[in-house]
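>>> got a sequence here, can you model it:
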Amino acid sequence: MRCVQVTGAQLGLREVTPADVADLHAIYGNPAATEHLPFNPRTPDEVSSMIAEARKEADAEPRRLYLLAVTEPQDDKVIGVARLHIEADHPHSAEIGLGLRPDLWGRGLGTDLVRLILGFGFRQLRLHRIWGARSPANVPAQLAMLVAGMVEEGRVRHHVLTPTGYRDSIVHSAISDEWLGEQGQR
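From the prediction side, this is the model:
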């Protein structure tokens, strides 16, 4: 397994491990944290299965899935999750998904997390395009993506089937040369 370790000013990213089940369940099992996601809150067993699948995918060649624990760099405490999935038909492009514990919302960590995962995708993985889709009602995700340098591309109607029916998605993206130029090649 290739081990991912990325450290930013406020957050870090590392491979998920079986020891992270309880911390990740605090996100995936939380109704507030999953309100805008296309699934009901997950059980600890479902989170454990997700981690096992992600660890298996980490050995794939080429690797297309990165499920990463979001940590506080000073103590490696898991406070969130970041997912980056490279498209099979378009290996220069990847979709991201992000989640933080609800008790940490409103502190600007979402923007830092978007910047961190974009930096990882563009610098280490050499991707050209990174995109994410959000629920139209998820204004904090909208702000985090826009402030982090992503561009709102538009609405995909009835894009996601959720437990309560179909919902639209708002797509945001960043292009490597534009984003790296804006970030000053940090």
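
>>> for this structure, which segments count as strands?
Counting by DSSP state E, residue ranges of the strands within the chain are 5-7, 12-15, 65-72, 77-86, 93-100, 129-134, 151-162, 165-175.

>>> can you name every helix or strand that the fifth one contacts?
The helices and strands touching strand 93-100, judged by 3 or more CB pairs under 8 Å, 6 or more residues apart in numbering; DSSP states H and E, are helix 21-28, strand 77-86, helix 109-119, strand 129-134. In this view, the C-beta of every residue, glycine as well, is placed from N, C-alpha and C.

>>> let's see that with 7 Å instead.
strand 77-86, helix 109-119, strand 129-134 (3 or more CB pairs under 7 Å, 6 or more residues apart in numbering; DSSP states H and E).

>>> so for the longest helix seen in the chain, mean pLDDT?
The longest helix of the chain (DSSP state H) is helix 44-57. Averaged across helix 44-57, the pLDDT comes to 95.

>>> next one: stretch 61-80
93.

>>> count of residues packed around the nearest residue to residue 158 once chain neighbours are set aside?
The shortest distance from residue 158 to any non-neighbouring residue, by CB to CB, 6 or more residues apart in numbering, is to residue 166 (4.0 Å). Using other CB atoms under 10 Å, residue 166 has 11 other residues around it.

>>> close enough to count as contact, residue 166 and residue 157?
No. Shown here, residue 166 and residue 157 do not form a contact pair, counting by CB atoms under 7 Å, at 8.5 Å.

>>> so which of the strands of the chain is nearest residue 58?
strand 12-15 (6.5 Å; CB to CB).

>>> about what we covered before: make a markdown table from the helices and strands packed on strand 93-100 and add mean neighbour count and distance to residue 64 to it.
Below are the helices and strands packed on strand 93-100 laid out as a markdown table (neighbours: other CB atoms under 10 Å; distance: least, CB to CB, whole Å):
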| stretch | mean neighbour count | distance to residue 64 |
| --- | --- | --- |
| strand 77-86 | 21 | 4 |
| helix 109-119 | 23 | 15 |
| strand 129-134 | 21 | 14 |
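
>>> in a markdown table, list those along with distance to residue 148.
Below are those laid out as a markdown table (distance: least, CB to CB, whole Å):
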| stretch | distance to residue 148 |
| --- | --- |
| strand 77-86 | 12 |
| helix 109-119 | 4 |
| strand 129-134 | 10 |
